[in-house]
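J.: Sequence first, predicted coordinates after that:
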Amino acid sequence: MILGRSFAGLIGAVFVTGLLAACTQHGALPSPSGSSRPASVSPTSVPTQAATPSARPPLGCHDLAPDSAVSAAFGAKASAGPAAVDAGLSGGVIENIFQLSAVSLTQAGGIVCGWNLGGGESDGFFTARFLPDAAPAWSTGVPGGYNIPRITGWADQAAFGCIEADGEYCVTEALVGSVWVETVAVGQVGALEAHVAGIEALDKGIVATVQAAGVPGPPWTAPPHPTLACSDFIGDGSTFAGISGLKLSATPNYSADRMTEAALAQVGGVGCEWFGSNGEVLLVYLPGGAWSWSSNPMSSNQSLTVAPLSGVGDQAAGGCSTVIVVCSAQTTSGSARIGLQVASGSGSSGVTVTLAVTAQALRDMLARIG
């Protein structure tokens, strides 16, 4: 049954995560009975943290749902990959800044997976993700913001339902111990209704897989970093640094989906969004996030052509959309990763947005936070 409900936008990205290397400890060798010689002690190896974070519990996308299982549930060929998450969760526009905020989920030990259904963008998408240590965030309200029926027998707490709003969506939200699990199926109106039973069975199997994987291991710890607030990145909050004429509200208001917000909070990240009559600025600061650039750099997609930027942090890239007036840039600085997106307001009053001014604004922010 498809329920007619309003639907909040979804965002995310897909990442490849590895397993922590195993470390072994060697105990002391006992001294021979009656010997006056001291016991010989072998060195004890100290477990060291992996260079990059990994999923907790250690599951990959194929563990959650093989392509064949997704295909069977939807009656259509499913193929996994970043493009499914990119277009399915972000709408295919201005998704690069959301890519960065979703890196925080990976850094917190979560995972984001996506599958294309059929062959084209209009055929729909299926996404699955989880976030450990998320029980406090779960308890603050309706998970994910969806009004879907609660169900029993899946996990500690769970909900599943299908809604209709500019398309059809079937959603599962579940809390497995401290792990928040979410799946979202996206299709054209009428495309999912015949497959609700198969989608429900697929989602229940994903929840069961997370449950069987056991208690998550310890979190990955980012290098030491300063605690920053939105106000640390700009001046007085009325004129954005480096972009002449962009008048913004003094109070930022960042609105990601609740799981992403929870992940950002876990890793000490900051998300800021300033609105004005002639433009909008979105900022994500991820301390410790520089590790992600080598495997998941800012890259081109269907609406944004990205090129390297020089003189902005340690490594940087940026581009402007071919669909709407918006430019986006990302950089690493020390152990942090920072993203900035600037959009022009509509009509003749909109500020002129170029990649050059966006990159300069990012330079100004880096100088401000030191």
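T.: Okay, I see it.
J.: close enough to count as contact, L362 and G311?
T.: No - when contacts are counted by Cβ atoms under 8 Å, L362 is not listed as touching G311 (10.1 Å). (C-beta placed from N, C-alpha, C; glycine too.)
J.: if you count what's nearby, which of the two comes out ahead?
T.: The neighbour comparison of L362 against G311 (other Cβ atoms under 10 Å) goes to L362, with 27 against 8.
J.: buried stuff in the strand or helix carrying the more buried one?
T.: Following DSSP states H and E, one finds L362 within helix 355-369. Neighbour counts using 16 or more other Cβ atoms under 10 Å place L355, V357, T358, A359, Q360, A361, L362, R363, D364, M365, L366 of helix 355-369 among the buried residues.
J.: Looking at these, point me to the pair that's furthest apart.
T.: Longest distance between any two of these is 16.5 Å, between L355 and L366; criterion Cβ to Cβ.
J.: any idea which element the residue nearest in space to the middle of the chain lies in?
T.: Centroid check for the chain by Cα atoms, centre = their mean gives A102 as the closest residue, at 1.6 Å. Secondary structure from DSSP H and E places A102 in helix 96-107.
J.: pLDDT of that helix, averaged?
T.: Averaged over helix 96-107, pLDDT sits at 77.
J.: May I have the secondary structure class of S231?
T.: helix (DSSP: H, G, I helix; E, B strand; the rest coil).
J.: what's around the nearest residue to A317 once chain neighbours are set aside, how many residues?
T.: Once flanking residues are discounted, A317 sits nearest to M298: 4.3 Å by Cβ to Cβ, 6 or more residues apart in numbering. The number of residues packed near M298 is 26, by other Cβ under 10 Å.
J.: Show the pLDDT at M298.
T.: Residue-level pLDDT assigned to M298 equals 84.
J.: What of S40?
T.: Confidence score, pLDDT, at S40: 44.
J.: what does G177 give?
T.: pLDDT, read off for G177, is 94.
J.: Look up how far V70 lies from it.
T.: Distance, G177 to V70, using Cβ to Cβ, to the nearest Å: 25 Å.
J.: How about A80?
T.: From A80 over to V70 the distance is 8 Å, taken as Cβ to Cβ.
J.: and for the two, which residues touch both?
T.: Both A80 and V70 are in contact with W115, where contact means Cβ atoms under 8 Å, 6 or more residues apart in numbering.
J.: okay, the two: which has more neighbours?
T.: Higher neighbour count among A80 and V70: V70, with 26 against 19, using other Cβ under 10 Å.
J.: residues contacting the more buried one?
T.: A78, A80, W115, L117, F126, L202.
J.: And the furthest pair within those residues?
T.: The most widely separated members of those, counting by Cβ to Cβ, are A80 and L202 (13.7 Å).
J.: List the buried residues of whichever strand or helix holds H62.
T.: Using DSSP H and E, H62 sits within helix 61-64. If you call a residue buried by 16+ other Cβ under 10 Å, then helix 61-64 has these buried ones: C61, D63, L64.
J.: So the chain: which segments form each domain?
T.: With domains defined by automatic domain parsing, the chain comprises 2-15+52-212, 230-369.
J.: what about the stretch 101-250 of the chain, any weak spots by pLDDT?
T.: For the stretch 101-250 of the chain, applying pLDDT under 70 flags the ranges 101, 119-122, 141-145, 235-246, 250.
J.: my bad, the stretch 251-370 of the chain
T.: For the stretch 251-370 of the chain (pLDDT under 70), the answer is 302, 346-351.
J.: can you list contacts of the biggest helix by length in the chain?
T.: Of all the segments of type helix in the chain, defined by DSSP state H, the longest one is helix 196-212. The contact list for helix 196-212, computed with Cβ under 8 Å, 6+ apart, reads 1-2, 57, 59, 63-65, 69-70, 72-75, 128, 130, 154-155, 158, 160, 162, 170, 172, 174, 176-177, 179, 181, 183, 185, 192.
J.: following it, which helix or strand shows up next?
T.: helix 258-266.
J.: just the contacts of V70 now: which is nearest L248?
T.: Using Cβ to Cβ, F126 is the member of the contacts of V70 that lies nearest L248, at 37.2 Å.
J.: In this structure P132 contacts T106, no?
T.: No - taking contacts as Cβ under 8 Å, P132 lies outside contact range of T106: 11.5 Å.
J.: More neighbours: these two, which one.
T.: Legend: neighbour count by other Cβ under 10 Å for P132 and T106, higher for T106 (29 against 24).
J.: now the strands for this protein?
T.: 2-4, 78-80, 111-117, 125-131, 150-151, 157-164, 168-176, 179-187, 270-276, 279-286, 304-309, 315-321, 326-333, 336-344 (DSSP state E).
J.: which residues does the nearest residue to G109 once chain neighbours are set aside contact?
T.: Using Cβ to Cβ, 6+ apart and skipping the chain neighbours, the partner closest in space to G109 is R56 (3.5 Å). Contacts for R56 were tallied using Cβ under 8 Å, 6+ apart; they are G109, G110, P132, P216, G217, P218, P219.
J.: One more pass at 10 Å, please.
T.: 17, 20, 108-111, 130-133, 178-179, 213, 215-220 (Cβ atoms under 10 Å, 6 or more residues apart in numbering).
J.: okay but Q266 is in contact with T106, surely?
T.: No - taking contacts as Cβ atoms under 10 Å, Q266 lies outside contact range of T106: 11.5 Å.
J.: Ramachandran angles for the residue nearest to A317?
T.: Phi and psi for M298, reported as degrees, to the nearest 10, are phi -60, psi 130.
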